[in-house]
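1. based on what follows, work out the 3D shape:
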Amino acid sequence: MKQQASNKVSYTKINHYWQNATPSILGPYMMDGLGFPASAGQFRFQAECKIVKKLLQDQGINYNTLLDLGCGIGYWTEYFARQFTKVTAVEASPPLFEAMVQRCSTYPNVNSVQGDVLLFEPLEKYSMVFLGGMLMYLNEHDVIALLCRLIPFLEKGGIILCRETTVRDGTVIREGTYQAVYRSIPTYMNIFEKCHLKLIKTESNLPYNLLQMGCESMEKWQKITPKPLQAIPIIGRLIYWGLRLCNPWIIRVPAVFNSTFPELTNHFFLLRASNN
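-> Next up is the predicted model:
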């Protein structure tokens, strides 16, 4: 990764990565191949659901229609289908889309759309638009264009909820086979302001931060340990359960020592149109 805000990610490489991705609860969280059990993904998702439930309390939204852009394998689509009258889920990756359709096959209120989120044309008003890690794969110009295009399709009192991987300062571009744009909270605030979106709440995604400590620890372990000695399935599980047993106090340790570990964090952003 390198911190050069002028650089842009390649949509060709991003599309190639996700078109060949294996559907997995760990995959969207970038925890595949690090020795973590599948329960690690379930733990994080369930913990994030509690955050979303808290964020939506007292917001006065109607639970009519929801748009889930970049829905992946459909865990959030399924979650929202239990609460909203209708859910439209959009996903471009064929393997992820097929996994989502299968997961949500018992929910007649889910409308599945396979296609690029940048080309998706809304046809109705939404009580809520959910972007669960979508903006990090878009260059800033397209982030602004997408958000501005969605605003007219929010019903009165409607909201946009984003969940994005963040960094502490500026913008960091992740290069290579897997590409993404990691932005700081002030950077996102500036983007939202350009879109005339009012930031109602910002919530730190502590479950993400906890497991990201494990991911970055495993990546360091792989770098310093000869491959025959890495024992990834064993070390990965030891690190995961160590974090779980030491949670929540361990998440506070880096701040005590003024450490920037983990390098990546995650936040929820609750937004409304300024004139809504």
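2. what does the strand or helix carrying residue 238 contact?
-> Per DSSP states H and E: residue 238 is located in helix 232-246. Contacts with helix 232-246, where a contact means CB atoms under 8 Å, 6 or more residues apart in numbering, come from 33-37, 40, 43, 210-211, 213-214, 217-218, 221-222, 250. Using the backbone N, CA and C atoms, a C-beta is placed for each residue, glycine as well.
3. make it 7 Å
-> For helix 232-246, contacts defined as CB atoms under 7 Å, 6 or more residues apart in numbering pick out 34, 35, 36, 37, 40, 210, 213, 214, 217, 218, 221, 250.
4. cool, and stretch 51-69?
-> Against stretch 51-69 from outside (CB under 7 Å, 6+ apart): 76-77, 80, 83-90, 117, 122, 124-131, 134, 155, 157-159, 161, 201, 203, 205, 268, 270.
5. can you check stretch 88-97 too?
-> 15, 18-19, 21-23, 67-74, 77, 100, 110-117, 120.
6. swap in stretch 179-198?
-> 9-10, 13-14, 136-137, 139-140, 143-144, 147-148, 151, 160, 164-174, 199, 202, 264, 267, 269, 271-274.
7. take those and keep only those in strands.
-> 160, 164-166, 171-174, 199, 202, 267, 269, 271-273 (DSSP state E).
8. give me the buried subset of the residues you listed.
-> 160, 164-166, 171-173, 202, 267, 269, 271-273 (16 or more other CB atoms under 10 Å).
9. could you dump these into CSV and include pLDDT and distance to residue 194?
-> As requested, those are exported to CSV (pLDDT from 0 to 100; distance: CB to CB, whole Å):
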residue, pLDDT, distance to residue 194
160, 98, 14
164, 97, 16
165, 96, 20
166, 97, 18
171, 95, 15
172, 94, 20
173, 94, 20
202, 96, 17
267, 97, 18
269, 98, 14
271, 97, 12
272, 95, 15
273, 90, 13
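10. residue 259: which of these is nearest?
-> For these, the residue nearest residue 259 by CB to CB is residue 166; the value is 16.4 Å.
11. quick check: bridge partners of that closest one?
-> Beta-bridge partners of residue 166, counted by DSSP bridges, are residue 183, residue 265.
12. that one touches residue 266, doesn't it?
-> Yes. Assessed by CB atoms under 7 Å, residue 166 is found in contact with residue 266 at 6.2 Å.
13. of the contacts of stretch 51-69, buried ones?
-> Going by neighbour count (16+ other CB under 10 Å), the contacts of stretch 51-69 have 76-77, 80, 84, 86-90, 117, 122, 126-131, 134, 155, 158-159, 161, 205, 268, 270 buried.
14. which residues of the chain score low on pLDDT?
-> For the chain, applying pLDDT under 70 flags the ranges 1-6, 276.
15. in it, which spans are strands?
-> Ranges of strands in the chain, per DSSP E, are 65-69, 86-91, 110-114, 126-131, 154-166, 171-174, 180-183, 197-204, 265-273.
16. distance to residue 27 for the ones you listed - can I get that in TSV?
-> Shown next, in TSV, are the strands of the chain (distance: least, CB to CB, whole Å):
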stretch	distance to residue 27
strand 65-69	17
strand 86-91	13
strand 110-114	18
strand 126-131	18
strand 154-166	14
strand 171-174	16
strand 180-183	14
strand 197-204	23
strand 265-273	16
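17. out of the ones you listed, which is closest to residue 230?
-> Nearest of those to residue 230, taken as CB to CB: strand 171-174 at 22.7 Å.
18. then that closest one to PDB, C-alphas only?
-> What follows is strand 171-174, C-alpha atoms only, in PDB (Å, rounded to 0.1, in the frame of the first residue of the first chain):
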ATOM      1  CA  THR A 171      -6.000   8.300   1.600                       C
ATOM      2  CA  VAL A 172      -4.100   5.000   1.100                       C
ATOM      3  CA  ILE A 173      -4.200   3.100  -2.100                       C
ATOM      4  CA  ARG A 174      -3.800  -0.700  -1.900                       C
END
